[in-house]
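Peer 1: Output the structure for:
(chains A, B, C, D, E, F and G)
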Amino acid sequence: MSYEISTLMNNTKDKLVTLKLRNTKTIQGILKEFDIHMNMTLEDAEDVSAEKPEKLGKILIRGDNILAISMDKD
Amino acid sequence: MSYEISTLMNNTKDKLVTLKLRNTKTIQGILKEFDIHMNMTLEDAEDVSAEKPEKLGKILIRGDNILAISMDKD
Amino acid sequence: MSYEISTLMNNTKDKLVTLKLRNTKTIQGILKEFDIHMNMTLEDAEDVSAEKPEKLGKILIRGDNILAISMDKD
Amino acid sequence: MSYEISTLMNNTKDKLVTLKLRNTKTIQGILKEFDIHMNMTLEDAEDVSAEKPEKLGKILIRGDNILAISMDKD
Amino acid sequence: MSYEISTLMNNTKDKLVTLKLRNTKTIQGILKEFDIHMNMTLEDAEDVSAEKPEKLGKILIRGDNILAISMDKD
Amino acid sequence: MSYEISTLMNNTKDKLVTLKLRNTKTIQGILKEFDIHMNMTLEDAEDVSAEKPEKLGKILIRGDNILAISMDKD
Amino acid sequence: MSYEISTLMNNTKDKLVTLKLRNTKTIQGILKEFDIHMNMTLEDAEDVSAEKPEKLGKILIRGDNILAISMDKD
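Peer 2: Numbers count the residues shown, from 1 in each chain, chains lettered A, B, ... in the order given. Model prediction:
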């Protein structure tokens, strides 16, 4: 079953994702890579929860800080 | 015994579930997939604990943020 | 020794249990299933610590949120 | 060495123990069973830290909530 | 290398140790036993951080509550 | 997939990285080494979140304190 | 890669290190021993973050309390 979730995440590669973090921040960026711990790299990442969105560039997020990942939100 | 719980969750696939999160939020959505860590994907997810319910679309929730899952609530 | 505790919990199957959670909530319900992580399913669950008890129906509680389980309380 | 500690706990079986919990509560009861995670069952348990001691009956405490166990206190 | 630390702790057996706990309490007592998780038993333990030192008798401390152990302090 | 992330981090060796820590601090330095837990050593590290940036020299950061790593930020 | 970090720490043996702890304390001392969990023993340790530095003597610090280790700071 674990398999299905990585499939799901694979389908999201190179797409915009919205990460809700445990610290209440919201990060957006293009999903590039991830591992089984949900560590992931984003390109063109941005902290969209700051009053003035903060550009973060290419970042690696540790998975254990993640609350939820919005895959699409059209 | 672990087996029984995944059976239970399997019976809930494609049904509406209500997640109580550790951060006191309540998320509703259609359960699509899950793994042994209780990581799960929901479709048509919504944060129903916000003053004005927030549409979240298709999301992946990390299992370690979950307090409880209401399976039905008729 | 682990064996004895699952025996104990097995004897509690289909009986009313009272869960004290780490977040100070108290949940009551009929214990149906559990696994070695103390993840468990309850039927007719109710949050009895809320000012006005909240019906939760059939729920799955993640074991790592549990502080203690009262087995009986006669 | 782990062996010695279970020996110690075995010697405490059927005796009164005082548990200091991480949440600052103090629970007393007769130690019946325990496993390697320090999950344990108590009989005639009581929350003696509450202003008015609360009877808890037969309970199972998750070990990861425990700060310390007083074995005797004569 | 792990070996050296247990050697160090072995040399401390039957000696007075001072435990700094994560919850800011300070416990003193005679170290009797310990395991690889730093669970340990103390005799004649005392909470010396309380305004009025509290006698705890023979206690078992869960290692994950420990911040540091002062081995000697002459 | 885990492989890709270490590749990514390898490409960052000897380059300036910006670490967002869970405690809200921001540390900058030249990435020298890291392991699978994201423990890492930085040279010429500096706490750039302090009012007056604090020089830290050569440091080893425990990976479990890390929220995110900005790889570049041009 | 894990290897390189223990090499680094080995080079620091018998030298003065500064530990930043998660609880915001800063401890200085001579690094004597450590294991793969970053548990470590220090000699002549001192809490230099207290208003009046507190002598701690020979201490064992649990690695999971450590935020960062400054290796040198000349």
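
Peer 1: tell me the contacts of A:Arg22?
Peer 2: A:65-67, B:23, B:65 (CB atoms under 8 Å, 6 or more residues apart in numbering or on different chains). Every C-beta, even on glycine, is put in place using the N, C-alpha and C of the backbone.

Peer 1: go with 10 Å
Peer 2: A:64-68, B:21-23, B:62, B:64-65, F:22, F:67 (CB atoms under 10 Å, 6 or more residues apart in numbering or on different chains).

Peer 1: What ranges does chain A have for its helices?
Peer 2: A:2-11 (DSSP state H).

Peer 1: Just give me the residue closest to the centre of it.
Peer 2: A:Leu19 (4.4 Å; CA atoms, centre = their mean).

Peer 1: Skipping its backbone neighbours, what lies nearest that one in space?
Peer 2: Of all residues not flanking A:Leu19 in the chain, A:Ile27 sits nearest, at 4.5 Å (CB to CB, 6 or more residues apart in numbering or on different chains).

Peer 1: Tell me the bridge partners for that neighbour.
Peer 2: On the basis of DSSP bridges, A:Ile27 is bridged to A:Leu19, A:Asp47.

Peer 1: Which pLDDT value does the model give it?
Peer 2: As predicted, A:Ile27 sits at a pLDDT of 97.

Peer 1: where's whichever residue of chain A sits closest to chain C relative to A:Met38, distance?
Peer 2: Proximity of chain A to chain C (CB to the nearest CB) peaks at A:Asp64, 13.8 Å away. Distance, A:Asp64 to A:Met38, by CB to CB, to the nearest Å: 8 Å.

Peer 1: before we move on, what about A:Leu60?
Peer 2: The value you get for A:Leu60 to A:Met38, if CB to CB is used, is 12 Å.

Peer 1: Between the two, which is the more surrounded one?
Peer 2: A:Leu60 (23 against 20; other CB atoms under 10 Å in any protein chain shown).

Peer 1: my read: the more buried one touches F:Thr7, true?
Peer 2: No. The pair A:Leu60 / F:Thr7 is not scored as a contact, 11.5 Å apart, by CB atoms under 10 Å.

Peer 1: Can you work out which residues contact both of these two?
Peer 2: Common neighbours of A:Leu60 and F:Thr7 (CB under 10 Å, 6+ apart) are A:Glu33.

Peer 1: Near the nearest residue to A:Val17 once chain neighbours are set aside, how many residues? Count them for me, please.
Peer 2: Once flanking residues are discounted, A:Val17 sits nearest to A:Leu31: 4.8 Å by CB to CB, 6+ apart. For A:Leu31, the neighbour count with other CB under 10 Å is 21.

Peer 1: So what pairs up with A:Leu31 in the strands?
Peer 2: Beta-bridge partners, per DSSP bridges, of A:Leu31: A:Leu42.

Peer 1: hang on, isn't it packed against A:Asp72?
Peer 2: No. Taking CB under 10 Å as the definition, A:Leu31 is not a contact partner of A:Asp72, at 11.5 Å.

Peer 1: Help me confirm that A:Asp44 comes into contact with A:Asp14.
Peer 2: No. A:Asp44 is not in contact with A:Asp14 according to CB under 10 Å; the separation is 11.4 Å.

Peer 1: Now do the shared contacts for these two.
Peer 2: With CB under 10 Å, 6+ apart, A:Asp44 and A:Asp14 have common neighbours A:Ile30.

Peer 1: who has more neighbours, those two?
Peer 2: The residue with more neighbours, out of A:Asp44 and A:Asp14, is A:Asp44; 13 against 9, by other CB under 10 Å.

Peer 1: so how far is A:Glu33 from the more buried one?
Peer 2: Taken as CB to CB, the span from A:Asp44 to A:Glu33 is 14 Å.

Peer 1: so where's chain A uncertain?
Peer 2: A:1-5, A:73-74 (pLDDT under 70).

Peer 1: Can you find the residue of it that comes nearest to chain G?
Peer 2: A:Asp64 (13.8 Å).

Peer 1: neighbours of that residue, just the number please.
Peer 2: 16.
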